[in-house]
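**Student:** Give the three-dimensional model of this entry:
(one chain, ligands or ions: 2)
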Amino acid sequence: MNAVNYKSTAEFLHRAEIEKREVIRITADYPEMTVEDAYKVQEELVGIKLKQGHRIIGPKMGLTSQAKMKQMNVEEPIYGYIFDYMVIPEGGSISIQELIHPKVEAEIAFVLGKDIEGPGITGAQVLAATEYVVPALEIIDSRYENFKFTLPDVIADNASSSRVVIGNRLTNPAQLELDLVGVTLSINGEIKDLGAGAAVVGHPANSVAMLANMLARKGEKLRAGDVILTGGVTGAVMLSAGDTVSAKLDGLGEVSFKVTE
Ligand code: 0L1
Ligand code: MG
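**Tutor:** Numbering: from 1, shown residues only. Ligands and ions are numbered 1, 2, ... in the order given. The predicted model follows:
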């Protein structure tokens, strides 16, 4: 990478989020930027948020569907981090003015009861270490113009993380087959997209296993209590002021929020 300053690049992306302003993608200036460089920028960005007093509630996986991986020409999903300031209570609201151009996707979140440390973690090990699963709506808000980016851009931008709504109903993952869970995403009562848990790298537990194995490359592990977004079961749908958004997940329950001006 052409002598990129990871820290100033992270500050640039952080300012874009704070100022609710879309910016030109960073690879326009640094076309040689690698995935490794991008994770270093992400690390700096995470460091800025931690220094400001925000707390990580857990890592998330992104680009977990075949469609998104094909679109980005990658064989492996990406990860980012969800912070406490991003959490909206179930049934609560987000203000469109606080964000740039938000989209929503329905997800299955895992809450771990035990630490998981890669490499070599499998989906079965993840299920054994999971305390419960819960429905979630992730609001993604790329800081880049028109939601257009390359893989390093989106990794550096904390995988477009912005807000998350976590449902109230907790389910033991042994009680159902998560790959077969049917999911609908509705806005103002109209179904906008649907899918099944298998859309997330075959099974949402596989997504957590991949995450544990990816984090192991930098000597990190998943921890008991982490809330982990496993990736979109549905596609991401653009939000507008006035929207009421809800997701129904068979056997897992519902989750919803409103969008205000
Ligand atoms: O959570 C996600 O899957 C988002 C990953 C980044 C791609 C995007 O912003 O669409
Ligand atoms: Mg997501």
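**Student:** I'd like to know which residues of the stretch 1-150 of the chain are adjacent to ligand 2.
**Tutor:** Contact residues, the stretch 1-150 of the chain versus ligand 2 (C-beta under 5 Å from the ion): E138. Yep, even glycine has a C-beta here, placed from its N, CA and C like the rest.
**Student:** Please spell out the segments of the stretch 1-150 of the chain that come in under the pLDDT threshold.
**Tutor:** Applying pLDDT under 70 to the stretch 1-150 of the chain flags residues 1-3.
**Student:** which residue ranges form the helices in it?
**Tutor:** For the stretch 1-150 of the chain, the helices defined by DSSP state H, counting those that start in this stretch cover 6-18, 35-51, 66-72, 123-129.
**Student:** Which one, of these, ends up nearest to I228?
**Tutor:** helix 123-129 (9.2 Å; C-beta to C-beta).
**Student:** Just name whatever secondary elements that closest one is in contact with.
**Tutor:** helix 204-216 (3 or more C-beta pairs under 8 Å, 6 or more residues apart in numbering; DSSP states H and E).
**Student:** for the record, mean pLDDT for the very next helix or strand once past the helix it packs on?
**Tutor:** Proceeding N to C from helix 204-216, the next assigned helix or strand is strand 227-232, under DSSP states H and E. Mean per-residue pLDDT for strand 227-232: 98.
**Student:** and the angle from strand 227-232 to helix 204-216?
**Tutor:** Orientation check (axes from the mean of the first three to the mean of the last three C-alpha atoms, to 10 degrees): strand 227-232 against helix 204-216 gives 110 degrees.
**Student:** Give me the residues contacting strand 227-232.
**Tutor:** 57-65, 68, 77, 82, 105-112, 136, 138, 164, 166, 195, 199-201, 204-205, 207-208, 211, 222 (C-beta atoms under 8 Å, 6 or more residues apart in numbering).
**Student:** picking that back up, how about the helices of the stretch 1-150 of the chain, which one is nearest ligand 1?
**Tutor:** helix 66-72 (6.4 Å; C-beta to the nearest ligand atom).
**Student:** gap between the closest one and the chain center?
**Tutor:** 15 Å (C-alpha atoms, centre = their mean, to the nearest Å).
**Student:** Please spell out which residues along that helix are buried.
**Tutor:** By neighbour count on 16 or more other C-beta atoms under 10 Å, the buried set for helix 66-72 is 68-69.
**Student:** who's in contact with it?
**Tutor:** Residues contacting helix 66-72 (C-beta under 8 Å, 6+ apart): 62-63, 75-77, 150-151, 154, 199, 232, 235.
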